[in-house]
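[1] One predicted model, sequence on top.
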Amino acid sequence: MLGEVIKGRRQDMGLSRREFANRIGVDATTIRQWESEEIKPDEISLSNIASVFGDSVEGLVNEQGSVPPIIPAVTLSGNPAAGAIIPGILNP
C-alpha cells in the first residue's frame, strides 16, 4: 500500500514526519494520514513525495504494486495509434 511505501522510504531517509512534511509543503498530520491510508496524496503532493525520494511518481507507485498495465491506444479501426501509450486505457 502506498502509505506503507511512504512511511518506509521516509524512515529509510531518517526523516521525522515534520521534516518530511516541511520538504513536501504539507503538515505532519497530513503525512500521518497518508501513512495510515486515511487519505491519499493528490497528484501534486505525489510528485513532491517522489522528488524528495529521488524517484518518479511511476517508480513510487510501482513499489506499491498497483500500477495499471500500459496498454497501447487503438483507433476505431483497431490499428495502434501512432505511438500513443496510455496507462490502463484503451482509446476508442
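    Perfect, I can see it now. The structure presented is a predicted model; accordingly, all values stated were derived computationally and were not measured.

[2] Show me the shaky parts of this protein.
    Applying pLDDT under 70 to the chain flags residues 64-92.

[3] Which strands and helices lie in contact with the helix or strand harbouring Ala21?
    Here Ala21 sits within helix 17-24, counting by DSSP states H and E. Judged by 3 or more Cβ pairs under 8 Å, 6 or more residues apart in numbering; DSSP states H and E, helix 17-24 is in contact with helix 28-35, helix 43-52. To be clear about C-beta, it is placed using only N, CA and C from the backbone, and glycine gets the same treatment.

[4] Quick check: which of those helices is nearest to Gly59?
    helix 43-52 (6.9 Å; Cβ to Cβ).

[5] Identify the residues contacting Arg17.
    If a contact means Cβ atoms under 8 Å, 6 or more residues apart in numbering, then Arg17 has 10, 28, 31-32, 35 as its contacts.

[6] What residues sit buried inside the helix holding Ala21?
    17, 20-21, 24 (16 or more other Cβ atoms under 10 Å).
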